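Colleague: sequence isn't available, so here's the structure alone:
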């Protein structure tokens, strides 16, 4: 008779849950990375805009150009604040999902370790039985008179 683990279905469920949590974690990581890239993009855009404006100031700026620049900068500041908030929310979501994934992994590892332990016990028991059978056969042959 081969090894049978009574909690095999529980182990399969735990493996499935761990995979689901890992997929969710990967999704949260992508969202977080996208949000961080957006913040970096906005920062670079803002720096470029300021650099362009400084260059224009050297050649002279009209009040209209100044007004456009200030409006654009205010708009970028607002967008940047929102982007940082989105990035912080994404980071928080990733942290929560990371904890969920780690818990799912621990739950799976507990059941997997029980399975491993029981399998080792099964193998030891099988080895003992085989050795007992060999010993019994040897004892039986010794007790028989030589022909």
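Modeller: That came through fine. Note that the coordinates shown come from a computational prediction; the quantities given were computed from them, not determined experimentally. Numbering: from 1, shown residues only.
Colleague: what's near enough to touch residue 112?
Modeller: Contacts were defined as C-beta atoms under 8 Å, 6 or more residues apart in numbering; by that measure residue 112 touches 11, 14. C-beta coordinates here come from the backbone N, C-alpha and C atoms, glycine included.
Colleague: need the pLDDT of it.
Modeller: Looking at residue 112, its pLDDT is 97.
Colleague: now it: how far from residue 106?
Modeller: Going from residue 112 to residue 106 by C-beta to C-beta, to the nearest Å gives 10 Å.
Colleague: tell me which element residue 33 is part of?
Modeller: helix 8-59 (DSSP states H and E).
Colleague: other SSEs contacting that helix?
Modeller: helix 63-143 (3 or more C-beta pairs under 8 Å, 6 or more residues apart in numbering; DSSP states H and E).
Colleague: burial check on the residue nearest to residue 77 when sequence neighbours are not counted, number of neighbours?
Modeller: Once flanking residues are discounted, residue 77 sits nearest to residue 46: 7.9 Å by C-beta to C-beta, 6 or more residues apart in numbering. Using other C-beta atoms under 10 Å, residue 46 is surrounded by 16 other residues.
Colleague: what does residue 15 give?
Modeller: Residues near residue 15, counting by other C-beta under 10 Å: 14.
Colleague: I'd guessed it sits against residue 105; true?
Modeller: No: assessed by C-beta atoms under 8 Å, residue 15 is found out of contact with residue 105, at 10.1 Å.
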